[in-house]
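*Asks:* no sequence on this one, just coordinates:
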């Protein structure tokens, strides 16, 4: 419509509205129409409207004056923003335009319940703030208003004023701020010194930062006063002396104010640090108590961290660089202090100093590494040791030559050293720390090439030994290798180096151990223990998942023939006493079959587009192994490997054939015989593999699993299997190892199978009803809570019945499911409050600690229900919760205190 109006008509329409219509006497909808007309004309007839000059602005002021409806205000505020942004003439009406908008500041609006328009208080606040902070012309009127509101007793008014001031500083200059700086600083200082609110303090610091940045941006003429310098001088005058009192209340507020101003610009940073840093160093040396020194060093650390923002700075400009020697001296003294808390701050400061380019001299760097080695290996407190390792990991990529040349050899020597107290706990602890430190420092490709051989050499040494703790030490080495592998994943070259160095070595040692077990049962035992193999799995998996398809194809061409054909030529030290045949029959090959775990770790972590040689044969061998092996660990591993390969197998006839073969092997195994549990394990993993990729056969296998819930022998294990189907698997069938995981598979499984579970429960005999409840609680426990809330009314009665089940797994799973529902769906849960209170209080005396804790957490969550519902139960619950206050377990007592305290507050004023 606006486009077809003849030139000049838009102006005529607006003049008529301004002169003839008293807009604020119209209905809301009609007023909204007037604002829409103005908006449309501003978008299509800008030049014509600008021809009206300041008359257009004055006319709009008359239209808007007195508007109260939030729907109209949002449009009106947008018009004011456009007036200013598009340079419409404001003329002599700047103050009137400010008054007509600022009268709404601060916004005090609470949307009515079930508001169909969805306008929130925050929408109006942001819209008005955009108007007030849109032009420096408002400054002389706005800043006094903001100062007044900052002094208000209302926290919301303070926050709004501070956030508006911060927004204004983005467009203001020295001219606008000059007159009001003393008052602004006075208000900000008072709030930070006196407020009890962290929000107000944070906004004050943000506003001070914005003010300092604004003053820093202004270009000075030769004769102009440097407002930034005088402003910073005021801050120093009011705050500096408090830094000399590390035990007093105002020391931290003062430090925060100084740091907020210093972080605004390089100029303000130099101005403040030249005054503050020497003072802090003097105070550190003056005070001898560790607590005081820690406070001072933390303040110093805050200023050092700000230096990182500006990068490399010339020495004659930077106070930090000019004070290099005393700063290093203070930090090094903190590292040798007996106080752990002071050490931790010192380690943080050391990390920051190391990240400042050119700050540490070569001799300082060597001293840094020596301190980190000492703290890592010999500091009694584990906190300091772990912090030192993390610091080494942060600094190693910056100084790789120093760490690879100084730290890695020292750690290697400690690891290989032989001492008289060989079996002592202290030596094991020292080795453990060495292993952790080698992993922590492996954050650069060149260092990884130094640490990996050290770790592998130690692994070979442990394998050859026969000491009691060797299995635990192998696990520790594997944990360190796993951490290194994760740190290498983003670097393609480093990842391939790690894979080539570690995977063949681990396979060779495991194969060697398995063959020794076959021929000499007492040797190499540690590497074949389930815990050790389980620790090797994530190492091989992490080393494989990030390989490029081309490199992965090279590796798979060696590893699969190793397991299928005993092809050991690619392994280091491959002179083995007999052939490697993990899929062959025979009692003596049981140890070799256990290595299927390592095969699973490798092939199930390959990218989906990598072709696996002899895949059909491999699948058949794994299927046979999972069904026929006597060892549960081997059978489960083979089933997981089989499932992992099935999940990624391209759809087609070959997949259908192998699935049919699996079903044919499972059905007789499930029906009868000694290996029913192994057949169930295979069924669960194959079902999971197919459920994740939405394969049509998954529903048939799930129905088979549902049928087993009625089996007296297998029912409990089948019910636990629903947790396996829904939960994230740590080693196979997850997105990290490139599995085919479809979106919302849990919701789909819930929709398809929960009605069947409910139906089965109602038709089941009393001896197997618990199985259905357990399966249901596992499914619900892993379901996204928003989905669960919508289905709650139909399922709540079953969940309440599950609480009466004697099975602890069912109780724990159901309690875990109910706790978030009490917080997210209080209205529905209120209908069953009597049953919930009774059940929860009963379970607080369960023999199982985990159940007691979960029941107490649910009793705590009950307090989120409406007060009127809870009051009749208050006395009873408080009385019942007195008993777990004396529980023998500290964690139970802790939950009881929290829950009982919250129940005491039920019905109290202001809750």
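*Replies:* Thanks, I have the structure now. Note that this is a predicted model, so its numbers are computed, not measured. Residues are numbered from 1 along each chain as shown.

*Asks:* how about the strands in the chain?
*Replies:* Secondary structure of the chain (DSSP state E): no strands located.

*Asks:* Which neighbouring elements make contact with the lengthiest helix in the chain?
*Replies:* When the chain is parsed with DSSP state H, its longest helix is helix 492-519. In terms of contacts (3 or more C-beta pairs under 8 Å, 6 or more residues apart in numbering; DSSP states H and E), helix 492-519 is packed against helix 445-464, helix 470-488, helix 530-545, helix 549-565, helix 590-593, helix 596-603. C-beta coordinates here come from the backbone N, C-alpha and C atoms, glycine included.

*Asks:* got the contact list for the second one?
*Replies:* For helix 470-488, the external contacting residues (C-beta atoms under 8 Å, 6 or more residues apart in numbering) are 428, 431-432, 435-436, 438-440, 442-443, 445, 448, 451-452, 455, 458-459, 462-463, 494-495, 497-498, 502, 526-527, 529, 531-532, 535-536, 538-539, 542-543.

*Asks:* got it, and the fifth one?
*Replies:* By C-beta under 8 Å, 6+ apart, the surrounding residues in contact with helix 590-593 are 511, 513-515, 517-518, 528, 580-583, 625, 629-631, 634.

*Asks:* Can you list the buried residues in the longest helix of the chain?
*Replies:* Neighbour-count burial for helix 492-519 flags 494-499, 501-518 (criterion: 16 or more other C-beta atoms under 10 Å).

*Asks:* can you list the weak-confidence ranges in the stretch 501-650 of the chain?
*Replies:* For the stretch 501-650 of the chain, applying pLDDT under 70 flags the ranges 517-525, 574-575, 577, 587-588.

*Asks:* quick one on the thing from earlier: out of the helices and strands packed on helix 492-519, which comes closest to residue 788?
*Replies:* Ranking the helices and strands packed on helix 492-519 by their distance to residue 788 (criterion: C-beta to C-beta) puts helix 530-545 first, at 31.4 Å.

*Asks:* Identify each buried residue in the closest one, please.
*Replies:* 532-545.

*Asks:* Tabulate those in CSV, adding columns for distance to residue 602.
*Replies:* As requested, the buried residues of helix 530-545 are exported to CSV (distance: C-beta to C-beta, whole Å):
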residue, distance to residue 602
532, 17
533, 13
534, 15
535, 15
536, 11
537, 9
538, 12
539, 11
540, 5
541, 8
542, 11
543, 9
544, 6
545, 10
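
*Asks:* so can I have a markdown table of the helices and strands packed on helix 492-519 showing distance to residue 382?
*Replies:* Formatted as a markdown table, the helices and strands packed on helix 492-519 follow (distance: least, C-beta to C-beta, whole Å):
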| stretch | distance to residue 382 |
| --- | --- |
| helix 445-464 | 21 |
| helix 470-488 | 15 |
| helix 530-545 | 21 |
| helix 549-565 | 38 |
| helix 590-593 | 37 |
| helix 596-603 | 30 |
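
*Asks:* Those: which one's closest to residue 358?
*Replies:* Of these, the one closest to residue 358 (C-beta to C-beta) turns out to be helix 445-464, at 21.0 Å.

*Asks:* can you list contacts of that closest one?
*Replies:* Applying C-beta under 8 Å, 6+ apart, the set of residues contacting helix 445-464 is 396, 400-401, 403-404, 408, 411-412, 415-416, 435, 438-439, 441-442, 470, 473-474, 477, 480-481, 484, 487-488, 491, 493-494, 497-498, 501-502, 505, 509, 512-513, 524, 526-527.

*Asks:* With stretch 163-182 instead?
*Replies:* 105, 129-130, 132-136, 139-140, 142-144, 146-147, 150, 184, 203, 206-207, 210-211, 213-215, 217-218, 224, 227, 231, 234.

*Asks:* and the lowest-mean-pLDDT helix or strand in the chain, what other elements does it pack with?
*Replies:* Ranked by mean pLDDT, DSSP states H and E, the helix or strand of the chain with the weakest confidence is helix 319-322, at a mean of 72. Counting contacts by 3+ C-beta pairs under 8 Å, 6+ apart, helix 319-322 is packed against helix 266-286, helix 290-307.

*Asks:* So which of these is the most surrounded?
*Replies:* helix 290-307 (a mean of 21; mean count of other C-beta atoms under 10 Å).

*Asks:* Report the distance from stretch 85-92 to the chain centre.
*Replies:* 48 Å (C-alpha atoms, centre = their mean, to the nearest Å).

*Asks:* Residue 399: what's it in contact with?
*Replies:* Per C-beta under 8 Å, 6+ apart, neighbours of residue 399: 354, 365.

*Asks:* quick one: pLDDT of it?
*Replies:* Listed pLDDT for residue 399 reads 92.

*Asks:* which intervals of the stretch 251-400 of the chain have sub-threshold pLDDT?
*Replies:* Checking the stretch 251-400 of the chain against pLDDT under 70 turns up 311-319.

*Asks:* Out of the helices and strands packed on helix 492-519, flag the one nearest residue 890.
*Replies:* Short answer: helix 470-488, nearest of those by C-beta to C-beta, at 27.1 Å.

*Asks:* Next, the angle helix 445-464 makes with the closest one.
*Replies:* Counting by axes from the mean of the first three to the mean of the last three C-alpha atoms, to 10 degrees, helix 470-488 lies at 160 degrees to helix 445-464.

*Asks:* Can you give the distance of helix 470-488 from its chain's centre?
*Replies:* With C-alpha atoms, centre = their mean, you get 24 Å for helix 470-488.

*Asks:* how about the helices of the stretch 1-150 of the chain, start to end?
*Replies:* 9-20, 28-44, 46-50, 54-64, 70-85, 94-102, 121-132, 139-150 (DSSP state H, counting those that start in this stretch).

*Asks:* export the ones you listed to JSON lines and tack on mean neighbour count and mean pLDDT?
*Replies:* Below are these laid out as JSON lines (neighbours: other C-beta atoms under 10 Å; pLDDT from 0 to 100):
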{"stretch": "helix 9-20", "mean neighbour count": "15", "mean pLDDT": "86"}
{"stretch": "helix 28-44", "mean neighbour count": "17", "mean pLDDT": "89"}
{"stretch": "helix 46-50", "mean neighbour count": "15", "mean pLDDT": "84"}
{"stretch": "helix 54-64", "mean neighbour count": "20", "mean pLDDT": "90"}
{"stretch": "helix 70-85", "mean neighbour count": "19", "mean pLDDT": "92"}
{"stretch": "helix 94-102", "mean neighbour count": "18", "mean pLDDT": "92"}
{"stretch": "helix 121-132", "mean neighbour count": "19", "mean pLDDT": "92"}
{"stretch": "helix 139-150", "mean neighbour count": "19", "mean pLDDT": "92"}
